[in-house]
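Asks: predicted coordinates and the sequence they were generated for:
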Amino acid sequence: MLNIVLFGPPGAGKGTQSERIIEKYGLKHLSTGDIFRANIKGETELGKLAKSYMDKGQLVPDEVTIKMLQSEFKKAENPKGFIFDGFPRTNAQAEALDNFLSSEGTSIKVMLALDVAEEELRERLKKRAEVSGRVDDANPEVIQNRINVYKAETLPVKEYYLKQDKFIEIDGIGTVDEITNRLFTAIDKL
Ligand code: AP5
């Protein structure tokens, strides 16, 4: 299996690029943010819990997120591999993912990290809020909190993969096509 973590701050382009990667390589997309949003829409208990954190730009607790991710992973039938988008977001999630994948007889091949400057992130999220109406993008304070939480809690996950020699940084500035080409080049070399 080809398992890739697509990493980066809010608005870096993880969702946009995941769609292209899954199409080219036949992988399954596992986006914890998308799964939470589907649960919020469906008004499930998980959705209600997730919303209370997402509305403030905070992370949903690790134990809830890890359990949900494992359950979604097991639903996939004969996958060629997975793109993990928005997960892992803490070192505890990274460790849990490694242990879980090992129990499934597989592992993470690489973390591809999109590097985008903070000002550009704010611009992209502001624009997306105008067109998509995504609730967790609507408030500039919530956006700033998501960026701050990223720096404090999520960025350290990079070290986790660096130590395993599985970290590749990709320049996330440019057109969507340019960034896709950079990602494809990195994946083709694996
Ligand atoms: P999540 O949904 O994962 O949000 P995020 O990581 O903050 O990232 P986004 O989805 O906002 O951005 P993206 O990098 O996918 O960029 P996109 O392609 O959309 O998480 C939301 C919340 O859920 C979290 O805050 C947390 O509360 C909770 N959560 C999720 N996972 C969790 C976990 N593991 N643990 C705990 N809590 C969790 O692009 C952004 C915009 O830019 C789009 O409009 C796009 O069209 C545009 N764009 C893309 N590429 C370019 C480009 N090259 N140039 C110009 N514009 C571009």
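Replies: Thanks, I have it. Quick caveat, the model's predicted, so the values are computed rather than measured.

Asks: give the contact list for the residue of the chain found nearest the ligand.
Replies: Per C-beta to the nearest ligand atom, the residue of the chain with the smallest distance to the ligand is residue 33, at 1.9 Å. C-beta coordinates here come from the backbone N, C-alpha and C atoms, glycine included. If a contact means C-beta atoms under 8 Å, 6 or more residues apart in numbering, then residue 33 has 15, 85, 86 as its contacts.

Asks: which other helices and strands contact the lowest-mean-pLDDT helix or strand in the chain?
Replies: Scoring the helices and strands of the chain by mean pLDDT, DSSP states H and E places helix 118-132 at the bottom, with a mean of 90. Contacts defined by 3 or more C-beta pairs under 8 Å, 6 or more residues apart in numbering; DSSP states H and E place helix 118-132 against helix 140-149.

Asks: residues in contact with the helix it packs on?
Replies: If you take C-beta under 8 Å, 6+ apart as the criterion, helix 140-149 is touched by 9-10, 55-59, 118, 121-122, 125-126, 136-137.

Asks: and what of stretch 89-100?
Replies: Applying C-beta under 8 Å, 6+ apart, the contact partners of stretch 89-100 are 32, 59, 62, 65-66, 69-70, 73, 84, 87-88, 107-108, 153-154, 156-157, 160-161.

Asks: picking that back up, could you look up the next helix or strand downstream of the helix or strand where the residue of the chain closest to the ligand lies?
Replies: For residue 33, the host element (DSSP states H and E) is helix 32-41. Remark: after helix 32-41, the chain's next helix or strand is helix 45-54, criterion DSSP H and E.

Asks: and residue 47, what does it touch?
Replies: Neighbouring residues of residue 47 by C-beta under 8 Å, 6+ apart: 36, 38, 39, 40, 41.
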